[in-house]
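A.B. asks: A structural model of the following input is requested.
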Amino acid sequence: PRLLALHGRGSNSDITAIQLSSLGVASRVAVDCLSGPVAAPPQHEVFRALSDGDFFAWTDGALSPEALLPALRGLLAFVEERGPYDGLYGFSQGALVVSALSAPGVAEALGGARTWRWVVCACGV
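C.D. replies: Purely as a prediction, here's the structure:
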């Protein structure tokens, strides 16, 4: 199975990969990690010790449908380009994004299709 994983606010793909590895997920499925489009300070200072990369969020802080649209469109485009994925995983703010895109009719309203079969939300929504 293939899994696309999204981090929470103030995190990045490195942190998500560490989290999924510690849960044993990475040894059971092929995982791609996607970083959000908005630069953000790290959620916790320990993240700087775990990753040399930049930190991101999925929105600029607003959680309105309009604020989520760029993240939803970007995620859908990534899935269409790099998929198919069997499932989507989201941690915290990433859980909000995968849940919103997975709601009935949302992917189709954005001009795409929901091709994944399941969603895992951790610490969020």
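
A.B. asks: contacts for the lowest-mean-pLDDT helix or strand in the chain?
C.D. replies: Using mean pLDDT, DSSP states H and E, the weakest-scoring helix or strand in the chain turns out to be helix 46-50, at a mean of 89. If you take CB atoms under 8 Å, 6 or more residues apart in numbering as the criterion, helix 46-50 is touched by 10, 11, 12, 14, 15, 18, 42, 55. Quick note: C-beta positions are derived from backbone N, CA and C, even for glycine.

A.B. asks: Compare these and tell me which has the most neighbours.
C.D. replies: Using other CB atoms under 10 Å as the neighbour test, the contacts of helix 46-50 are led by residue 11, with 28 neighbours.

A.B. asks: Put the alpha carbons of the lengthiest helix in the chain into PDB.
C.D. replies: Longest helix in the chain by number of residues (criterion: DSSP state H): helix 65-82. C-alpha atoms of helix 65-82 as PDB (Å, rounded to 0.1, in the frame of the first residue of the first chain):
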ATOM      1  CA  PRO A  65     -12.900  27.300   3.500                       C
ATOM      2  CA  GLU A  66     -11.300  30.100   1.500                       C
ATOM      3  CA  ALA A  67      -8.100  29.800   3.500                       C
ATOM      4  CA  LEU A  68      -8.000  26.000   3.000                       C
ATOM      5  CA  LEU A  69      -8.500  26.100  -0.800                       C
ATOM      6  CA  PRO A  70      -4.900  26.600  -1.800                       C
ATOM      7  CA  ALA A  71      -3.800  23.600   0.400                       C
ATOM      8  CA  LEU A  72      -6.700  21.500  -0.900                       C
ATOM      9  CA  ARG A  73      -5.900  22.300  -4.500                       C
ATOM     10  CA  GLY A  74      -2.200  21.700  -4.000                       C
ATOM     11  CA  LEU A  75      -2.800  18.400  -2.200                       C
ATOM     12  CA  LEU A  76      -5.200  17.200  -5.000                       C
ATOM     13  CA  ALA A  77      -2.700  18.200  -7.700                       C
ATOM     14  CA  PHE A  78       0.100  16.300  -5.900                       C
ATOM     15  CA  VAL A  79      -2.100  13.200  -5.600                       C
ATOM     16  CA  GLU A  80      -3.000  13.300  -9.200                       C
ATOM     17  CA  GLU A  81       0.600  13.800 -10.300                       C
ATOM     18  CA  ARG A  82       2.400  11.300  -7.900                       C
END
